[in-house]
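Enquirer: sequence plus predicted model, see below.
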Amino acid sequence: MEVKDSNGTLLAEGDSVSVIKDLKVKGSSSVIKRGTIVKNIRLTDSGNEIEGKVEKSMMVLKTEFLKKA
């Protein structure tokens, strides 16, 4: 399965991505700010989601809000 970022660039395990839009975190009052770097991502079974560590917690992020760093 191919996983692509918002620009259509292919993503792979271990890549670094940056957030292109402020994102509200479900179940929390915190926000992931635009420009935040997520390092060492992991691909999921879904083609439009990745897992990565943001602010010391593991989160699943949609690739439409990310670009390869």
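Expert: Looks like it arrived, so ask away.
Enquirer: the most centrally placed residue in the chain and residue 13, how far apart?
Expert: The chain has residue 61 as the residue nearest its centroid, 4.3 Å off, counting by CA atoms, centre = their mean. For residue 61, the distance to residue 13 (CB to CB, to the nearest Å) stands at 15 Å. Using the backbone N, CA and C atoms, a C-beta is placed for each residue, glycine as well.
Enquirer: before we move on, what about residue 42?
Expert: Residue 42 sits 6 Å away from residue 13, going by CB to CB.
Enquirer: who has more neighbours out of those two?
Expert: residue 42 (13 against 10; other CB atoms under 10 Å).
Enquirer: surely the more buried one meets residue 59?
Expert: No: checked against CB atoms under 8 Å, the pair residue 42 and residue 59 is beyond contact range at 11.2 Å.
Enquirer: okay, and the common contacts of these two?
Expert: Residues touching both residue 42 and residue 59 (CB atoms under 8 Å, 6 or more residues apart in numbering): 51-52.
Enquirer: name the residue most distant from the centre of this protein?
Expert: residue 29 (18.7 Å).
Enquirer: can you point out the buried residues in stretch 6-17?
Expert: By 16 or more other CB atoms under 10 Å, the buried positions in stretch 6-17 come out as 11, 15, 17.
Enquirer: just the ones of these in strands?
Expert: Counting by DSSP state E, those place 11, 17 in strands.
Enquirer: and stretch 19-38, how far apart are its ends?
Expert: Using CA to CA, to the nearest Å, the end-to-end distance of stretch 19-38 comes out at 8 Å.
Enquirer: cool, stretch 22-31 as well?
Expert: Stretch 22-31 end-to-end distance (CA to CA) = 7 Å.
Enquirer: let me see the ranges of the strands in this structure.
Expert: 3-4, 10-11, 17-19, 23-24, 31-32, 37-38, 42-43, 49-54, 57-62, 66-68.
Enquirer: if we can go back for a sec, so what's the residue nearest to the centre of the chain up against?
Expert: Each residue near residue 61 by CB under 8 Å, 6+ apart is listed here: 19, 23, 38, 49-52, 54.
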